[in-house]
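J.: I need the structure of the sequence given here:
(2 chains)
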Amino acid sequence: DGGITQSPKYLFRKEGQNVTLSCEQNLNHDAMYWYRQDPGQGLRLIYYSQIVNDFQKGDIAEGYSVSREKKESFPLTVTSAQKNPTAFYLCASSGAGTKDETQYFGPGTRLLVL
Amino acid sequence: GQNIDQPTEMTATEGAIVQINCTYQTSGFNGLFWYQQHAGEAPTFLSYNVLDGLEEKGRFSSFLSRSKGYSYLLLKELQMKDSASYLCAVRDYNAGNNRKLIWGLGTSLAVNP
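T.: I've put the predicted structure just below:
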């Protein structure tokens, strides 16, 4: 089955620690995205990547970093510089050249920083 | 600027029909998406409109009027499992990258027995 996986589903970290969230897709999609979702707010784009070895900042990139060394993988690191990291993190991917380039989401990782 | 408006909450009865509206303001409209998101879960894709008119998919239909900057999602024969948040998102080719979406805050729909 093709899809997007994110792990872990829940993640607890102490304040001041960096943490890396995993995102893997086997849909052969070129583009991948990281969003953050907070209660009462819409989805906010953190970073996105259109091709391997290339990525761009989204609307709220400060305190986050990403890499895109493989087409299938787009990990997100939440650094200690992120002031309020507790949130629901969603990874998505979309296929280039398709009619609508619909974004499909992984199940998400809920990060709680104590 | 770019803006998407949706009602915050709606309530409907099982078996009924409900219409969720979305209005948008963008400088370079290039498609509108509807997603469903159950509490604690990720959004799932429902529909895509880029031309004016109605797209039907089973119990769900989505309508677009580009001249009015308006879309609606129509849910028929409501079921309890349709209780969820419904997100409207617009692709704007003037938003810096054609693949970026502008997201509404979502409409929380409660279906009552």
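
J.: just the strands in chain B please.
T.: B:3-5, B:9-13, B:18-25, B:29-37, B:44-49, B:53-57, B:60-65, B:70-75, B:84-92, B:101-103, B:107-112 (DSSP state E).

J.: how about the strands of chain A, start to end?
T.: Assigned by DSSP E, the strands in chain A fall at A:4-7, A:10-13, A:19-25, A:31-37, A:44-51, A:54-57, A:64-66, A:76-78, A:87-94, A:104-105, A:109-113.

J.: which stretch among those strands comes nearest residue B:108?
T.: In terms of C-beta to C-beta, the element of the strands of chain A nearest to residue B:108 is strand A:31-37, at 13.7 Å. All C-beta spots, glycine's among them, are computed from the backbone N, C-alpha and C.

J.: Which secondary structure elements does that closest one sit against?
T.: Contacts defined by 3 or more C-beta pairs under 8 Å, 6 or more residues apart in numbering or on different chains; DSSP states H and E place strand A:31-37 against strand A:19-25, strand A:44-51, strand A:87-94.

J.: Buried deepest among these, which one?
T.: strand A:87-94 (a mean of 24; mean count of other C-beta atoms under 10 Å in any protein chain shown).

J.: which strands and helices sit next to it?
T.: Identification of packing neighbours for strand A:87-94 by 3+ C-beta pairs under 8 Å, 6+ apart yields strand A:4-7, strand A:19-25, strand A:31-37, strand A:76-78, strand A:104-105, strand A:109-113.

J.: Mind putting these into a markdown table with mean pLDDT and distance to residue B:70?
T.: Shown next, in a markdown table, are the helices and strands packed on strand A:87-94 (pLDDT from 0 to 100; distance: least, C-beta to C-beta, whole Å):
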| stretch | mean pLDDT | distance to residue B:70 |
| --- | --- | --- |
| strand A:4-7 | 94 | 31 |
| strand A:19-25 | 96 | 33 |
| strand A:31-37 | 96 | 25 |
| strand A:76-78 | 97 | 35 |
| strand A:104-105 | 96 | 25 |
| strand A:109-113 | 94 | 34 |
